[in-house]
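S.K.: let me see the structure of the following:
(chains A and B)
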Amino acid sequence: MKIYNTMTRKKENFKPIEEGKVKLYACGPTVYNYFHIGNARAFLFFDVVRRYFEFLGYEMTYVQNITDIEDKLINQAKAEQTTVKKVAQKYIDAFLEDTASLGIKKVNHHPKATEYIGEMIDLIKKLVENNFAYEVDGDVYFSVVNFKNYGKLSGRNIDDLKVGARVKANVQKRHPADFTLWKKAKPEEPSWGSPWGKGRPGWHTECVVMSRSILGETFDIHGGGNDLIFPHHENEIAQAEASSGKPLANYWMHNGYLNIEGEKMSKSLNNFFTARDILKKYDAEAIRFFFLSKHYRSPIDFNEDIIIESSKAVEGFYSILKTVNFLKIENNAPNYSAEMLQLKEKFINAMNDDFNTAKAISVLFEIVKLFKKSNDENFAHLLVELGKSVGFFQNIADHLAEDLGEITENLIELLIEYRNTFKKEKNWEMADKIRNDLQKLNIQLKDTSSGTDWSISK
RNA sequence: GGCGACAUCGCCAAGUGGUAAGGCAAUGGUCUGCAAAAUCAUUAUCCCCAGUUCGAAUCUGGGUGUCGCCUCCA
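M.R.: Below is the predicted model:
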């Protein structure tokens, strides 16, 4: 298994700390709003990482934090005229709902920032004691110049940051790149008591505290979107290493952005679609296919036409499951031929090469192609086995069922019968009318050599 | 100003030194009363220039273009 490590900018052989186990931490949402389809890329990708490791037989511990106290939540609470707590709960619920709809498997731990305030204060205290942090009038800052390795993840040095800095001048900070560990509360804001007075923790602290509390001082993989490399992950590393002297994670993985018309999709540019809205129109599997059709580190451009194409591609997978009536043979033990084992190996090699999902997917299409030539149901088993390793085929029964209820289905069958009678009588006008009228109701008739079939077109 | 990514058929996209995977679309054939569906087949020398090499989409140098990070952001 090779993983591209942002820290070294190289693909490295993955070696877990503990044999057979993978400890993964990926940055989760700040729950002040619905997440958009660009955010979904990270959530979905790390779901694939998790599933694939499990497929390989690793025991996963996957932790994803939830930031439930932060400036944006406070603002949102004002906007919605409610409390921070209520805002958090509302969007946590939405987050869990939407990720589930996307077919993302529940992570093992979802720590919330507000549940770890005590531990965060302890960390900050330690940093202050060791001279890596300083307090100014109720605020506490991390001092980047006192941490010699600052910038090693993102490849920056402190002086460069100074030059082009768009960082706002903050008279309190000793260096413009110093970041907030503890933020003094304004009146009315939610706050916790601390040695520096009432306030709340800075964002960069929670991930360090929560990841280490659950996964230990050093864990295997830390992941997130590209935009978190600097400053977020850089700041995590600074705090972690300044306090323990040990690396926080051995591998740093970052996914590329989702662009829209060539520009990054982001809330601040206001060019986003929420995952929630996209899911109303398109299937979760089509969205998954769309993301996996490109390598995770590359930027990917979003538009609805591509999602529609992706839906068609996914339908291609299901068409062979339909042909073999997969639900009936699902429990038969597969018997793979040498050719099939070779395909499986090809798939695994692609995935083992830093999660080359695009290449892996092409193997799935090869399987489909070979199935069509041979009609060997073992190809269907192989397709499902490999597809599942990256999160496809989570609900085959639902997908194959055209469950309209018995009465409706009988009515459709009846109309087909009438049409066939008209056809026998060469009454093409009536036969075509039935076909076209059903088409208008999204019921598509398919004449095959073995009779007339129908399906619902979306 | 600093740091970084990317440029492959109409669209999407693999390939990281050995002679261009795959998907969608398109076109043609088979099937059909006609269609649709299904099925078979066909479709690129890789942004530009120079270099290294027996050999480059793949390496080096120089352009051009697009995007990102340096402020909250997946």
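
S.K.: please enumerate the helices of the stretch 151-300 of chain A.
M.R.: Secondary structure of the stretch 151-300 of chain A by DSSP state H, counting those that start in this stretch: the helices cover A:158-163, A:203-215, A:234-244, A:275-281, A:284-292.

S.K.: which stretch among those helices comes nearest RNA strand B?
M.R.: Nearest to RNA strand B among the helices of the stretch 151-300 of chain A is helix A:158-163 (3.4 Å), distances taken as CB to the nearest atom of the strand. C-beta here means a position set from N, CA and C on the backbone, and glycine is covered the same way.

S.K.: what average pLDDT does that closest one get?
M.R.: Mean pLDDT, helix A:158-163: 69.

S.K.: before we move on, what about stretch A:11-27?
M.R.: 95.

S.K.: what is the end-to-end distance of it?
M.R.: 22 Å (CA to CA, to the nearest Å).

S.K.: how far is that stretch from where the chain is centred?
M.R.: 18 Å (CA atoms, centre = their mean, to the nearest Å).

S.K.: near RNA strand B, anything from it?
M.R.: Yes: counting by CB under 7 Å from any atom of the strand, contacts between stretch A:11-27 and RNA strand B involve A:Cys27.

S.K.: look up how far A:Phe43 lies from the closest residue to RNA strand B within chain A.
M.R.: As assessed by CB to the nearest atom of the strand, RNA strand B sits closest to A:Gly225 within chain A, at 1.7 Å. From A:Gly225 across to A:Phe43, the span is 10 Å (CB to CB, to the nearest Å).

S.K.: ok, back up a step: could I get the helices of the stretch 151-300 of chain A as TSV with distance to RNA strand B and mean neighbour count?
M.R.: Formatted as TSV, the helices of the stretch 151-300 of chain A follow (distance: least, CB to the nearest atom of the strand, whole Å; neighbours: other CB atoms under 10 Å):
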stretch	distance to RNA strand B	mean neighbour count
helix A:158-163	3	12
helix A:203-215	5	23
helix A:234-244	8	23
helix A:275-281	11	16
helix A:284-292	8	24
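
S.K.: adding distance to A:Leu321, write the ones you listed out as a markdown table.
M.R.: A markdown table is the format used below for the helices of the stretch 151-300 of chain A (distance: least, CB to CB, whole Å):
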| stretch | distance to A:Leu321 |
| --- | --- |
| helix A:158-163 | 54 |
| helix A:203-215 | 38 |
| helix A:234-244 | 43 |
| helix A:275-281 | 22 |
| helix A:284-292 | 12 |
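
S.K.: mean pLDDT for those helices: which is lowest?
M.R.: Looking at the helices of the stretch 151-300 of chain A, the bottom one is helix A:158-163 with a mean of 69.

S.K.: how many other residues sit next to the nearest residue to A:Thr67 once chain neighbours are set aside?
M.R.: Using CB to CB, 6 or more residues apart in numbering and skipping residues adjacent in sequence, the residue nearest A:Thr67 is A:Thr30, 4.1 Å away. Neighbourhood size, A:Thr30 [other CB atoms under 10 Å]: 23.

S.K.: model confidence for A:Thr30, exactly?
M.R.: pLDDT at A:Thr30 comes out at 94.

S.K.: so what's the residue nearest to A:Val140 when sequence neighbours are not counted up against?
M.R.: Leaving out its chain neighbours, the residue that sits closest to A:Val140 by CB to CB, 6+ apart is A:Trp182, at 3.8 Å. Applying CB atoms under 8 Å, 6 or more residues apart in numbering to A:Trp182 gives the contacts A:121, A:124, A:135, A:138-140, A:194, A:196, A:199-202.

S.K.: A:Trp182 bridge partners, please.
M.R.: When assigned by DSSP bridges, A:Trp182 has beta-bridge partners A:Val140, A:Pro201.

S.K.: pLDDT score assigned to A:Val171?
M.R.: 66.

S.K.: A:Ala431 too?
M.R.: Looking at A:Ala431, the pLDDT reads 94.

S.K.: please apply the same query to A:Glu366.
M.R.: pLDDT, read off for A:Glu366, is 93.

S.K.: ok so, going back, now do the residue lying closest to the residue of chain A closest to RNA strand B once chain neighbours are set aside against A:Phe347, distance only.
M.R.: Excluding its sequence neighbours, the residue lying closest to A:Gly225 (CB to CB, 6+ apart) is A:Ala42, at 4.8 Å. Distance of A:Ala42 to A:Phe347, given as CB to CB: 23 Å.

S.K.: more crowded one of the two?
M.R.: A:Ala42 (28 against 24).

S.K.: determine the angle, from 0 to 180 degrees, between the host helix or strand of the more buried one and helix A:284-292.
M.R.: In this assignment (DSSP states H and E), A:Ala42 forms part of helix A:37-55. For helix A:37-55 against helix A:284-292, the angle by axes from the mean of the first three to the mean of the last three CA atoms, to 10 degrees is 90 degrees.

S.K.: list the contacts of stretch A:44-53.
M.R.: A:22, A:24, A:26, A:60, A:62, A:64, A:102-105, A:107, A:221, A:223, A:253, A:255, A:287-288, A:291-292, A:296, A:351, A:355, A:357, A:388-391.

S.K.: buried subset of the residues you listed, written for PyMOL?
M.R.: If you want just the buried ones from these in PyMOL, going by 16 or more other CB atoms under 10 Å, the selection is:
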select buried, chain A and resi 22+24+26+60+62+64+102+103+104+107+221+223+253+255+287+288+291+292+296+351+355+357+389+390+391
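
S.K.: which residues are in contact with A:Gly224?
M.R.: Taking CB under 8 Å, 6+ apart as the test, what A:Gly224 contacts is A:26-27, A:42, A:232-233, A:253-255.
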